[in-house]
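S.K.: A predicted structure for the sequence below; I have some questions about it.
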Amino acid sequence: MKAGYKKKIKRKRYPLVVGIPTKNSESTILHVLSNVAEGLERYFEERALIVVADGHSKDTTLELVQMFPLPERSDLIIIKDEPPYGKGAGVKSVLEIGKYVGAHSTTIVDSDLVFINPSWIELLAKPTLYGRAGLVAPFYQRHKYDGMLTNVLIYPFTKSVYGGYRRQPIGGDFSISKPLLEEFLNEEVPHDFGIDIFITTTALVKNYKIGEAILGRKVHSSTRKYVIPKKHIDPMFRQVVVQMFKMLEQYESIWKEGRKPEYREIPAGVEEGKPLPLKIDTEKIKGSYRGRSKNDQKMIRKIAENYGNGLANRLSSLIASERGVNREDWARMVYATACYYKRQKNKSVIDALLSLWYGRYWSHVQKIKGMTYLEAEEEVERCFKAFKKYRQEFLEKYTSV
């Protein structure tokens, strides 16, 4: 954070900071600000600082923020991120300001939320503000097709490796205690989409109490961008998975012992009924899998052969037949890629896994097509159990690399 930003801050101390990383958010920023401000005014007596951390928006986002009427007990500052730009750069700026003003609770909410309730701020911030949790993570009621990376990769991998429970390991709305914030700033904070898995993993390995706030629907404008993909989902996949594997290696001495972090649910939430409809172009997903997996077949086979257990032949058969990827072979391929990446850190290794992810996600969508929301959640848990089944095998292979 540039020293000049400190001059914008009116007080030396704020118990509560709420940060909103933005970039070209003109269609949603006033809606988000209104709900944040109302939540602060309605549920807190403490003075709050709202921080809009902008990634150099080209639209009217900042003009709209400057026009926003503040509630009585809140102040607002606008800061511009420094390079390298990305979601994590905005979050890091907010964390640095949270440290500078001595905040006991620093909360982050996405700027592109189409739906947000003022009570989100209470549910997220109060446990960290009053010392009941180190991290409060969100639980959203999302459409069964939403959470493309989370459901078949990030959630089952994170839960099986580190233990504990967090259904949304890369949810963009969360709250951090003062001690955990300082832990983050002692690490290399990623500047990109890797920020959310960085936050979750750090809290897990440092054994902080993790709460889960039930927030109801998750509706944000960027969902439309990820309903397939190449321009938006591929960079996110690479950034999140690279960070996930980086921390796996960094904290190997901790997770291999099987230590279970503390977990506590925050037993209150927002009831919002059924998730909004979401259409998925399954043929486009299948086409991406078909083309990518054949292009990356040489690297896929190399990774799988290095892992053993007949994985290479099974995956070759799946690719040749253009079938999707089943739960168990997917879990083993993710573990195989983690082992291979530990030895050879390059983009082609991650892209090989990305190719198969398209096949796994296509299979998952086909499986849950006729299911209710709860039945689809049970299928996600079956995916986790496949990862859990092979955890010991993975541990032995990973630690021998």
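M.R.: All right, it came through fine.
S.K.: render the CA-only coordinates of stretch 72-82 in CSV, please.
M.R.: C-alpha atoms of stretch 72-82 as CSV (Å, rounded to 0.1, in the frame of the first residue of the first chain):
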residue,chain,number,x,y,z
GLU,A,72,-23.2,8.0,10.3
ARG,A,73,-20.8,5.5,11.8
SER,A,74,-18.8,4.7,8.6
ASP,A,75,-16.0,6.2,6.6
LEU,A,76,-15.0,5.2,3.1
ILE,A,77,-11.8,5.4,1.1
ILE,A,78,-10.9,4.5,-2.4
ILE,A,79,-7.5,3.0,-3.3
LYS,A,80,-6.1,1.8,-6.5
ASP,A,81,-4.2,-1.5,-6.7
GLU,A,82,-0.6,-1.6,-7.6
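S.K.: who touches it?
M.R.: 1-2, 5, 8-11, 14, 21, 37, 40-41, 44-56, 62, 65-66, 68, 70, 89-90, 93, 97 (C-beta atoms under 8 Å, 6 or more residues apart in numbering). Where you see a C-beta, it was placed from the backbone N, CA and C, and this is true even at glycine.
S.K.: emit the ChimeraX select command for whichever of those residues are buried.
M.R.: The ChimeraX selection below is limited to those of the contacts of stretch 72-82 classed as buried (16 or more other C-beta atoms under 10 Å):
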select :1,5,9,14,21,37,40,41,44,47,48,49,50,51,52,53,54,55,62,65,89,90,93,97
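S.K.: got the contact list for the residue positioned nearest the centre of the chain?
M.R.: Most central in the chain under C-alpha atoms, centre = their mean is residue 170, positioned 1.3 Å from the mean C-alpha point. By C-beta under 8 Å, 6+ apart, the residues touching residue 170 are 149-150, 154, 193, 196-197, 200, 240.
S.K.: same thing with residue 350?
M.R.: Contacts of residue 350 by C-beta under 8 Å, 6+ apart are 237-238, 241-242, 337, 341.
S.K.: which of these ranks first by neighbour count?
M.R.: In terms of neighbours by other C-beta atoms under 10 Å, the contacts of residue 350 top out with residue 241 at 26 neighbours.
S.K.: so where does that one fall, helix or strand?
M.R.: Taking DSSP states H and E as the definition, one finds residue 241 inside helix 230-250.
S.K.: do the same with residue 139
M.R.: strand 135-141.
S.K.: fine, thanks again, bye for now.
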